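Asks: After the sequence you'll find the predicted model.
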Amino acid sequence: MATALHIAFLGCGFITRVHSGHLRRLRGGVVASYASRDRSRAETFVKQFGGRQAFGSYEAASQRAVREARVAWIELDSASRLVEQYRSTVLALAERNLTLAEASLRSGQADVTVLLEAQREVTDARARLNDLEQAAALARIELEYAVGGVLAWPPTPGPDPLDRGPSTIGAGTPPKGLDEVPSGARQ
């Protein structure tokens, strides 16, 4: 689902009128707000060009943008912390319980239902973690939308909870060519 890009024109003069006419032709792809020292002039532009909001000062328009970015940052920070906390506690405990259930089954202290229940708990925990990671990704998109660009945060993704094999060889250093093998991976 595509969302319209929201922009704010600071000033309601000739060039704003020209650009607003062009943006109107995009049919909802871009929605403009207008800021002017004369609020009635900004309101006229909103009515004429189907704008989103009129501001009576340039400062009010920029404060709104800053507020939207701050809210988006707080949501991303909260969602990211929740993902990390869930991964390090709930998922880690579910995986530990699975390991203990496997050991109990091998030693004859438990039956297969204990193992199946532990497997179900790990599966449920991973599914919930996926939901939390999706929410964090959406929060990141909202922040990028609010600031108008791609972010480099977080610098590195967290570990893959499904990867139970050996650590990735040469992680973060992609090969420069098709015939280059990452260091440590030579036979």
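Replies: Ah, there it is.
Asks: Spatially nearest residue to residue 90 (excluding sequence neighbours)?
Replies: residue 125 (5.4 Å; C-beta to C-beta, 6 or more residues apart in numbering). For glycine as for every other residue, the C-beta is placed from the backbone atoms N, C-alpha and C.
Asks: Low-confidence regions, this structure specifically.
Replies: 1-4, 28, 153-187 (pLDDT under 70).
Asks: Enumerate the positions of stretch 16-27 that are buried.
Replies: By 16 or more other C-beta atoms under 10 Å, the buried positions in stretch 16-27 come out as 16, 20, 23.
Asks: Ok, stretch 141-157 next?
Replies: Applying 16+ other C-beta under 10 Å to stretch 141-157 flags 142, 143, 146 as buried.
Asks: Now do that stretch: distance to the chain's middle.
Replies: 7 Å (C-alpha atoms, centre = their mean, to the nearest Å).
Asks: Alpha carbons of it, as CSV, please.
Replies: The C-alpha coordinates for stretch 141-157 follow below in CSV (Å, rounded to 0.1, in the frame of the first residue of the first chain):
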residue,chain,number,x,y,z
ILE,A,141,10.3,2.7,7.7
GLU,A,142,8.1,5.3,9.5
LEU,A,143,11.3,7.0,10.8
GLU,A,144,12.9,7.0,7.4
TYR,A,145,9.7,8.5,6.0
ALA,A,146,9.6,11.2,8.7
VAL,A,147,13.2,12.2,8.1
GLY,A,148,13.1,11.8,4.4
GLY,A,149,15.9,9.4,3.8
VAL,A,150,17.5,6.0,4.4
LEU,A,151,19.0,5.4,7.8
ALA,A,152,22.2,3.5,8.7
TRP,A,153,20.8,2.6,12.1
PRO,A,154,21.1,-0.1,13.4
PRO,A,155,24.6,-0.6,12.0
THR,A,156,24.5,-4.4,12.1
PRO,A,157,21.5,-6.8,12.3
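Asks: if we can go back for a sec, narrow the buried residues of stretch 16-27 to those in helices?
Replies: Counting by DSSP state H, the part of the buried residues of stretch 16-27 found in helices is 16, 20, 23.
Asks: Can you redo the residues you listed as CSV, where the extra columns are distance to residue 41?
Replies: Supplementary listing: these in CSV, determined by distance: C-beta to C-beta, whole Å:
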residue, distance to residue 41
16, 10
20, 13
23, 18
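Asks: And the lengthiest helix in the chain, what does it pack against?
Replies: For the chain, the helix with the greatest residue count under DSSP H is helix 112-147. Here helix 112-147 touches helix 58-86, helix 92-107, going by 3 or more C-beta pairs under 8 Å, 6 or more residues apart in numbering; DSSP states H and E.
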